[in-house]
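**Q** here you go, sequence then predicted model.
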Amino acid sequence: MWADIVFAFRQELIVTVIIFLLLVIKIRSAEYGTEVILRLVNLLLLVNFILGFFTGPDSSWFSGMFHTGRLVVLEKNMLNLGTLIISLQGYEWLKGHRQVFEFYMLLLATLLGFFFMISAGNLLMFYLGLELSAIPLAALASFDLEKRRSSEAAMKFILSSAFSSGLLLFGISLLYGATGTLDFGGIAARLDGSAFQLFAFILVLSGFGFKISAVPFHLWTADVYEGSPVAVTAYLSVISKGGVFFIFIVTLYTVFRPLAGNWYSILVLLSVLTMVTGNLFALRQDNLKRLLAFSSIAQSGFILAGITGSSRGGEASVIYFILVYIFSNLGAFGVVSFVSARTGKESIQDYRGLYATNRWLSWVIAISLFSLAGIPPTAGFFGKFFLLMAGAGKGNYVFIIIAALNMIVSLYYYLRVVKAIFMDSQPEPIGKLKIPVMSNIAFAVCVLGIIMTGLVGEIYEYIYSLSKGF
C-alpha cells in the first residue's frame with residue numbers, strides 16, 4: 001500500500017526532497033561556494049529527470065483527486081527537462097546572484113504546483129496546484145531586486161494572476177453549484193448546456209486564457225517577460241505555459257466534453273485572435289525578450305488550433321508541440337539570457353554581426369528561430385504540421401488557411417533576427433564570449449532536441465499511443 005503511494009507520488013516527492021535538502025544546505029551555506037551549490041542542484045535536477053523515465057500502471061488516489069499514468073508521467077518529465085535546461089542556462093546569471101537558494105526553492109515550488117495540477121482529477125486539487133505554481137512565480141518575476149523594471153513586472157503579474165484566479169474560482173464555484181460535485185467525471189455527467197453552466201464555463205475559460213496568454217487576456221505578457229530575469233521569462237513562456245496547456249486539454253476533453261459544440265467555436269475565435277495579434281505585435285518589436293513574448297502568444301494560438309481537433313491526434317499534437325517548443329524556445333531564450341548576462345544587450349540591433357565573433361551562439365539561436373517559425377526540417381515544422389492537421393479534422397478549412405498564413409507572417413520577424421546575426425554588420429559587434437560548460441551543455445541539448453524530435457518519428461508515435469483524446 002505505502003509502496004504504491006510512494007511510487008505514484010514519486011515525482012512530487014523527489015521535488016519536495018530537493019526543496020528540503022536546499023533548506024538544510026542553506027543553514028550551512030557559509031561552508032559552500034555558489035558554484036558548488038549550482039552544480040549540486042543541477043545534478044539533483046538531472047537525477048529527477050532520469051527517475052521520471054520509470055513508469056507504472058495508471059492509478060487513482062484519494063477518491064479520484066489525484067491521477068497518474070504513463071502520459072501524466074511523460075508530461076511531468078517534459079517539465080523536468082525544461083527546468084533542468086533553464087537551470088543550466090541560468091548558471092552564469094545565478095553564479096553572481098546572492099539569493100541562489102531562494103531562486104531554486106521558488107522555482108521547484110512552482111514545478112511542484114504544476115505536478116499536482118497535471119495529476120488533478122478534481123477541480124479543488126487543480127486550483128490548489130495552480131495557486132502553488134502561481135504565487136512563487138510572482139516572486140521569481142521580481143528576482144532582480146535592484147531593478148525597478150523587475151519589480152514592475154512582478155506587480156503586473158500579481159495583479160493579472162489574482163484577477164484570472166478570481167475568475168477561475170468564481171467559475172468553479174458556479175460549476176459546483178450547478179452540478180453538486182468538483183470531480184471531473186461527475187461534472188461531465190451533469191452538464192446539460194444550460195445558460196448558467198455556459199456562463200460558468202466562460203469564466204473558467206477566461207481564467208485559463210490569462211495563464212496561456214490568449215488574446216484578449218494577453219496584455220500582461222510582454223511587460224512581465226521584458227521586466228523579469230531572462231531565466232524566469234523562459235520559465236514563464238515554456239514550463240508555465242506547457243503545464244497549463246496539459247491540464248487545459250484534460251479539462252476540455254473530460255470536464256467540458258458535453259459542451260464541445262459550444263467551446264469549439266470559442267476556441268477557433270480565440271486561436272485566430274491570438275495568432276494574428278501575437279504576430280502583428282511581434283513584427284514591431286526591437287527588444288528580443290518582447291519579440292519572443294509576442295511570439296509565444298502567437299504560438300499559443302497554434303496550440304489552440306490543435307486542441308480544437310477534439311481528437312486523439314489533437315491531444316498528441318499538442319503534447320508533441322510543447323516538447324518541441326521546450327527545445328526551441330529555450331534555445332532562443334538561452335542565447336538571449338547568456339548575452340544579456342555578459343553584455344546587458346537585448347535588442348535586435350545589438351546582435352548585428354554576432355556570427356563574426358560568436359558562431360556557436362549564432363547557430364543555436366538561428367536553429368531555434370527556424371524551429372519556432374516552422375521551417376523544415378526542424379522539429380517546429382512537424383509540430384505545427386500536426387497541430388494544423390488535428391485542427392483540420394473538423395473540416396474548418398478557412399480556419400486552417402488563416403493559421404497557415406500566420407505561419408508565413410511569423411517568418412518575417414524570426415528571419416529578421418537571423419538576418420541581423422548573419423548578414424548585417426556594425427562597427428563594434430558583441431565581442432567573443434567564453435561560454436561556460438553548463439551553458440554549452442544546455443545549448444547542445446536544445447539543438448539536438450530540435451533536430452531529433454523532428455527526425456525520429458517514433459517520438460510522436462509514442463505520444464500518440466499514450467493519448468486518449470475524446
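**A** Everything's here; your move.

**Q** show me the contacts for the residue lying closest to residue 412 once chain neighbours are set aside.
**A** Closest residue in space to residue 412, ignoring its immediate chain neighbours: residue 283 at 6.4 Å, by CB to CB, 6 or more residues apart in numbering. C-betas here are computed from N, CA, C, even on glycine. Listed by CB atoms under 8 Å, 6 or more residues apart in numbering, the contact set of residue 283 reads 409, 412-413.

**Q** from residue 269, how far out is residue 283?
**A** Plainly put, residue 283 is 22 Å away from residue 269 if you go by CB to CB, to the nearest Å.

**Q** of the contacts of residue 283 - the most surrounded one?
**A** Using other CB atoms under 10 Å as the neighbour criterion, residue 413 leads the contacts of residue 283 with 23 neighbours.

**Q** my read: that one touches residue 282, true?
**A** Yes. Using CB atoms under 8 Å, residue 413 makes contact with residue 282 at a distance of 4.8 Å.

**Q** find residues that contact each of these two.
**A** 291, 295.

**Q** what about stretch 102-109, average pLDDT?
**A** Here stretch 102-109 scores 88 as its mean pLDDT.

**Q** dump that stretch to PDB, keeping only the CA atoms.
**A** Output of stretch 102-109 as PDB, limited to C-alpha atoms (Å, rounded to 0.1, in the frame of the first residue of the first chain):
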ATOM      1  CA  GLU A 102      15.700  31.200  -2.800                       C
ATOM      2  CA  PHE A 103      15.600  31.100  -6.600                       C
ATOM      3  CA  TYR A 104      15.600  27.300  -6.700                       C
ATOM      4  CA  MET A 105      13.200  26.900  -3.800                       C
ATOM      5  CA  LEU A 106      10.700  29.200  -5.500                       C
ATOM      6  CA  LEU A 107      11.300  27.500  -8.900                       C
ATOM      7  CA  LEU A 108      10.800  24.000  -7.500                       C
ATOM      8  CA  ALA A 109       7.700  25.000  -5.500                       C
END
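
**Q** low-confidence regions, the stretch 101-250 of the chain specifically.
**A** 145-146 (pLDDT under 70).

**Q** do that again at 80, thanks
**A** 142-154, 218-223, 225-228, 230 (pLDDT under 80).

**Q** so where do the strands sit in it?
**A** With DSSP state E, counting those that start in this stretch as the criterion, the stretch 101-250 of the chain has no strands.

**Q** okay, helices next: where are they in it?
**A** Along the stretch 101-250 of the chain, counting by DSSP state H, counting those that start in this stretch, helices occupy 123-141, 148-179, 184-190, 195-212, 221-227, 230-235, 241-250.

**Q** what angle sits between the first one and helix 148-179?
**A** With axes from the mean of the first three to the mean of the last three CA atoms, to 10 degrees defining the directions, helix 123-141 sits at 170 degrees from helix 148-179.

**Q** now do the buried residues in helix 123-141.
**A** 123, 125-141 (16 or more other CB atoms under 10 Å).

**Q** and that helix, what other elements does it pack with?
**A** Where contact means 3 or more CB pairs under 8 Å, 6 or more residues apart in numbering; DSSP states H and E, helix 123-141 is packed against helix 100-118, helix 148-179, helix 230-235.

**Q** can you state the direction angle for that helix and helix 241-250?
**A** 160 degrees.

**Q** and helix 123-141 with helix 100-118, angle?
**A** Calculated by the same axes, to 10 degrees, helix 123-141 forms an angle of 160 degrees with helix 100-118.

**Q** alpha carbons only: can I get helix 123-141 in CSV?
**A** Taking Å, rounded to 0.1, in the frame of the first residue of the first chain, the C-alpha atoms of helix 123-141 are listed here in CSV:
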residue,chain,number,x,y,z
LEU,A,123,-11.2,21.0,-9.5
LEU,A,124,-10.2,21.7,-5.9
MET,A,125,-6.9,19.8,-6.4
PHE,A,126,-6.4,21.6,-9.7
TYR,A,127,-6.9,25.0,-8.1
LEU,A,128,-4.6,24.3,-5.2
GLY,A,129,-1.9,23.2,-7.7
LEU,A,130,-2.5,26.3,-9.8
GLU,A,131,-2.0,28.7,-6.8
LEU,A,132,1.0,26.8,-5.6
SER,A,133,2.6,27.4,-9.0
ALA,A,134,1.4,31.0,-9.5
ILE,A,135,2.4,32.6,-6.2
PRO,A,136,6.2,31.7,-6.3
LEU,A,137,6.2,32.8,-10.0
ALA,A,138,5.3,36.3,-8.9
ALA,A,139,8.3,36.3,-6.6
LEU,A,140,10.6,35.0,-9.3
ALA,A,141,9.4,37.8,-11.7
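
**Q** next one: that helix to chain centre, how far?
**A** 14 Å (CA atoms, centre = their mean, to the nearest Å).

**Q** now the angle from that helix to helix 195-212?
**A** Using the same axes, to 10 degrees: helix 123-141 against helix 195-212 is 30 degrees.

**Q** what about stretch 298-318, start to end distance?
**A** 14 Å (CA to CA, to the nearest Å).

**Q** helix/strand/coil for residue 305?
**A** At residue 305, secondary structure determined by DSSP: H, G, I helix; E, B strand; the rest coil is helix.
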